[in-house]
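>>> dropping the sequence and predicted coords here.
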Amino acid sequence: MDSTAQDPRLEAWRQRLGSGFAEVHAVFEDHVQQALHCLPERDIEAWLDFCAGLGRLGRGPEPLLAGLEILPPLMQRHGSGLLSTVADTVAVLQKSPNGRAIAPYLQSLPGVARRGSGLAALQVYGQWVQRMVQATSVSIHGRHATEPSPSLIDFLEHAPRLLSQVPLAGLGRWMEVGIRLHGRHPQRQRAYFSLQSEDSRAVLQRERRGLLLKDVQARLTLSLRALWSLEAQLVPMPVPLQDGAAEGEGTLAAAPLQPYMAQEGDLLGLRLPEVLEDQAGVPALLVYRLMLAHLAQHRRASSPLVADNWSPLQRLAVECFEDARMDALVMRQAPGLQEPMRRLHPWPSLDGVEAQGQSAVRVRLTRLSRALLWGDLAADAEQAGFVTRFQAALAQGSSSTREMAELALAWAARTRQQSDQRAAVSFADTHVPWRDDNRHLWTFIEDGDEEDQPQRTRPQAPPQQEGLPPRHYPEWDPSSQQMRPDWACVFDGLQPEGDATQIDRLLAEHSATRQHLQRLLDALKPQDRQRLRQQAQGTELDVDAALRALINARASGRTVDERVYTSHHTRGRDMAVLLLLDLSASVNDAVPGTEGQTVLSLTRAAVALLAQAIQTLGDQLAIAGFHSNTRHEVRYWHIKGFGEHWERDALPKARLAGVQAAYSTRMGAALRHAGHLLSGRQADKRLLLILTDGQPADLDSDQPMALIDDAAQAVRALRDESGIYTHCVSVDAKADGYVQRIFGARYSVIDRVAQLPQRLPEIFVALTR
């Protein structure tokens, strides 16, 4: 400060700035001193002139203070040409109703510059800010913007932090999707750009660096089943963004996100980070495999302990020894994982921890963990003794949680230090990437302050059958006229079996209908054999053709014609049919005019007759049902697979007998999933036949037309993108008002539900004649 105060240029520079704000005068000399270390005098004058312009904008001292503080380091790195780039964006903000965003824009520049590649990144970022101003500012009269953008400041505040996870181009694509989806809806727009809406997170997830769990979820599930004999649902866990400690930079959470096993009251399954990057040269997929191996060993070999009488130090020590035991068992069963584990396990140093007034307990435990696994860093006799006892315990077998707890208690009593009581704890280089948070290891008799039960407020998931990972599908948003990405969650399940003899009794009750259908099917049956004559190769010799060829050859002196064989050609159909049943609660309703029959019982009879007819024709057939309980739980039940035979296999009939109706009808998600499965079949024609008793609806949709329009979008996409024809059979007498909007002309309405067993096969025959 003394050198600056005596500088004769200081007063001239103060006059050049020309600011009357007291807040600016209080820090002006400090900022000038900073600039003198960064910039030549010519650039200092350009910087001051630019800041003087910020002070004259009429936006208070905040833009001027931001310019004084932020611009010199950026100019040192990118040159004075930076000022013109920043000035263009500031001018756009000032001329619009968004002048209040000038200071947040300037404050976001250091974080963007750190993540970008030179001045070009800042220029692109400035163009995005201008795009936000243009696209999201509110115009009441439709010409000039009269109100500020509801989301611009949120975008500016989050942009530096988001760039720690997505590339620069990915941030731009995320911004454009938000503008396209919610540009005319201020509340949704604000929720999107403040990362509070699920579609915002879904789009951002697609742009993130690293490996997404959902992209490898099926492979990891199969690996877990094959290598560790564990059936468990893998649930993605959002990786939060928090403010970084350095220069306001946004980084990943300071405490790295750890996997864990779900407990009572939490979401079921194994919770893993939704995205991982390669670490220490180890691919992210292998890190996921290490996490699953560690969790699988915990599930197999760990037992919970009562935590109430353990001190925090003792609990940390128990977790260290127990985690090391799990990793040792993993390496024993899968030796190939030892090398990536060794590369990923941190190797912290004790140097400087005490001098900073911090507790080194976590550093010591991390060093101990490495020593237990590989003998590294066992520098003193006390540590070496515990390493020996640990290895001896595992030499006798897999040991136990109780034995590890006894070792941990002994270690804590022997090595405890006075500094372990300090509130400030050093976490530097102590995170083992594949280990979980050990919440399953402790039970509490009495509630206390130390229990860490995160995410207790999340809604509890319904019980799920073990099976394939859920698939996410987009859904149409009528307000924005755009698709919401990854909106509906579809769970596959194998329909539980019922009594197959019920289906046989239903077929016997409808024997007259079967005879009527048989006459229709005889006209559609493929004429299996058609003789082809005069073939050069074939299965039979055509004697007449052979004699004619020999006579002609002798009479003309030419070579004998070799086309003297016959073959046969099968003149058949090549069709794949997927029958999709609406199993919402309304199909439990009784049918008037029948003896206690419901829509569901008549559906069973109709499906059985249709399946028998399709089997007779030789077409490929799969049967499935669906219902939904909000967009988070769309259940898709497999009743008959394409590879199963209706007559020879008893299971399809048993599953059809076991179908139960419940919940609602989210038709669009079910259509997309059925189309996805049908699109993999090799056939000349693929038909998706859906049987329903009402219009699409669900508990979380308060707009009657929203799910109708979404189903219509799904039907069009299946036709245009996959070549799948969709036909609806509805037993709702009032269906004409909505079914045409969804399926166009490809629908049939059965006014009398009691005729369903006869009409459904007849409709199929008419469609495929």
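Right, received. Where do you want to start?
>>> that's a helix at Asp486, yeah?
No. Using DSSP: H, G, I helix; E, B strand; the rest coil, the assignment for Asp486 is strand, not a helix.
>>> tell me the pLDDT of it.
At Asp486 the predicted local confidence, pLDDT, stands at 78.
>>> in the stretch 401-550 of the chain, where is pLDDT below threshold?
The model of the stretch 401-550 of the chain has pLDDT under 70 over residues 446-468, 480, 521-530.
>>> ranges for the helices of it?
401-415, 500-509, 511-524, 543-556 (DSSP state H, counting those that start in this stretch).
>>> same check on the stretch 201-350 of the chain?
Counting by DSSP H, counting those that start in this stretch, the helices of the stretch 201-350 of the chain are 213-228, 284-301, 312-333, 338-344.
>>> output those as a markdown table; include the columns distance to Gln515, mean neighbour count and mean pLDDT.
Backbone N, C-alpha and C define where each C-beta goes, glycine included. Output for the helices of the stretch 201-350 of the chain, formatted as a markdown table (distance: least, C-beta to C-beta, whole Å; neighbours: other C-beta atoms under 10 Å; pLDDT from 0 to 100):
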| stretch | distance to Gln515 | mean neighbour count | mean pLDDT |
| --- | --- | --- | --- |
| helix 213-228 | 46 | 16 | 88 |
| helix 284-301 | 57 | 21 | 94 |
| helix 312-333 | 62 | 21 | 94 |
| helix 338-344 | 67 | 16 | 94 |
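>>> need those in JSON lines with distance to Asp582, can you?
Output for the helices of the stretch 201-350 of the chain, formatted as JSON lines (distance: least, C-beta to C-beta, whole Å):
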{"stretch": "helix 213-228", "distance to Asp582": "27"}
{"stretch": "helix 284-301", "distance to Asp582": "37"}
{"stretch": "helix 312-333", "distance to Asp582": "46"}
{"stretch": "helix 338-344", "distance to Asp582": "49"}
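>>> which one of these lies closest to Val729?
Across the helices of the stretch 201-350 of the chain, Val729 has its closest neighbour in helix 213-228 (32.9 Å, C-beta to C-beta).
>>> now do that closest one and helix 312-333, the angle between them.
Helix 213-228 and helix 312-333 are oriented at 70 degrees to each other (axes from the mean of the first three to the mean of the last three C-alpha atoms, to 10 degrees).
>>> now helix 213-228: how far from the chain's centre is it?
Computed by C-alpha atoms, centre = their mean, to the nearest Å, the chain-centroid distance of helix 213-228 equals 15 Å.
>>> same check, this time on stretch 209-227
12 Å.
>>> gap between Ala670 and Gln205?
24 Å (C-beta to C-beta, to the nearest Å).
>>> what about the two, which has more around it?
Neighbours were counted for Ala670 and for Gln205 using other C-beta atoms under 10 Å; Ala670 has more, 30 against 21.
>>> centre of the chain to the helix or strand hosting that one, how far?
Here Ala670 sits within helix 667-678, counting by DSSP states H and E. The chain centre lies 18 Å from the centre of helix 667-678; the measure is C-alpha atoms, centre = their mean.
>>> go on, stretch 73-81?
That offset, for stretch 73-81, works out to 40 Å (C-alpha atoms, centre = their mean).
>>> so which bits of that stretch are buried?
Residues of stretch 73-81 classed as buried by neighbour count (16 or more other C-beta atoms under 10 Å): 73-76, 78, 80.
>>> is it possible to export those to TSV including distance to Ala745, pLDDT and secondary structure?
Formatted as TSV, the buried residues of stretch 73-81 follow (distance: C-beta to C-beta, whole Å; pLDDT from 0 to 100; DSSP: H, G, I helix; E, B strand; the rest coil):
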residue	distance to Ala745	pLDDT	secondary structure
Pro73	67	90	helix
Leu74	63	90	helix
Met75	67	91	helix
Gln76	69	89	helix
His78	62	87	helix
Ser80	67	85	coil
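>>> dump the residues you listed to a markdown table, plus distance to Ile102.
As requested, the buried residues of stretch 73-81 are arranged in a markdown table below (distance: C-beta to C-beta, whole Å):
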| residue | distance to Ile102 |
| --- | --- |
| Pro73 | 19 |
| Leu74 | 16 |
| Met75 | 18 |
| Gln76 | 22 |
| His78 | 19 |
| Ser80 | 20 |
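>>> hang on, the earlier thing: between the helices of the stretch 201-350 of the chain, which gets nearest to Gly498?
Closest to Gly498 of those, according to C-beta to C-beta: helix 213-228, at 27.2 Å.
>>> tell me which other helices or strands that closest one touches.
Other elements packing on helix 213-228 under the criterion 3 or more C-beta pairs under 8 Å, 6 or more residues apart in numbering; DSSP states H and E are strand 234-237, helix 284-301.
>>> let's see that with 10 Å instead.
Packed against helix 213-228 by the contact rule (3 or more C-beta pairs under 10 Å, 6 or more residues apart in numbering; DSSP states H and E) you find helix 198-207, strand 234-237, strand 270-273, strand 275-276, helix 284-301, helix 312-333, strand 471-477.
>>> and the angle from that helix to helix 284-301?
Orientation check (the same axes, to 10 degrees): helix 213-228 against helix 284-301 gives 50 degrees.
>>> okay, the angle between helix 213-228 and helix 198-207?
Counting by the same axes, to 10 degrees, helix 213-228 lies at 70 degrees to helix 198-207.
>>> circling back: who wins for proximity to Ala488 among the helices of the stretch 201-350 of the chain?
When those are compared (using C-beta to C-beta), the closest one is helix 213-228, at 14.1 Å.
>>> the inter-axis angle of the closest one versus strand 471-477?
If you take the same axes, to 10 degrees, helix 213-228 sits at 160 degrees to strand 471-477.
>>> hmm, who's touching helix 213-228?
205-206, 230-237, 270, 272-276, 284-285, 288-289, 291-293, 295-297, 299-300, 330, 333-334, 466-472, 486 (C-beta atoms under 10 Å, 6 or more residues apart in numbering).
>>> would you mind writing the CA trace of it as PDB?
C-alpha atoms of helix 213-228 as PDB (Å, rounded to 0.1, in the frame of the first residue of the first chain):
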ATOM      1  CA  LEU A 213     -24.700 -45.000 -14.900                       C
ATOM      2  CA  LYS A 214     -27.900 -45.400 -17.000                       C
ATOM      3  CA  ASP A 215     -25.700 -46.200 -20.100                       C
ATOM      4  CA  VAL A 216     -24.100 -49.200 -18.400                       C
ATOM      5  CA  GLN A 217     -26.800 -50.100 -15.900                       C
ATOM      6  CA  ALA A 218     -27.800 -53.300 -17.700                       C
ATOM      7  CA  ARG A 219     -24.200 -54.500 -18.000                       C
ATOM      8  CA  LEU A 220     -23.500 -53.800 -14.300                       C
ATOM      9  CA  THR A 221     -26.700 -55.600 -13.200                       C
ATOM     10  CA  LEU A 222     -25.600 -58.700 -15.100                       C
ATOM     11  CA  SER A 223     -22.100 -58.500 -13.700                       C
ATOM     12  CA  LEU A 224     -23.400 -58.200 -10.200                       C
ATOM     13  CA  ARG A 225     -25.600 -61.200 -10.800                       C
ATOM     14  CA  ALA A 226     -22.800 -63.300 -12.500                       C
ATOM     15  CA  LEU A 227     -19.800 -62.500 -10.400                       C
ATOM     16  CA  TRP A 228     -21.300 -61.800  -6.900                       C
END
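>>> many thanks, have a good one.
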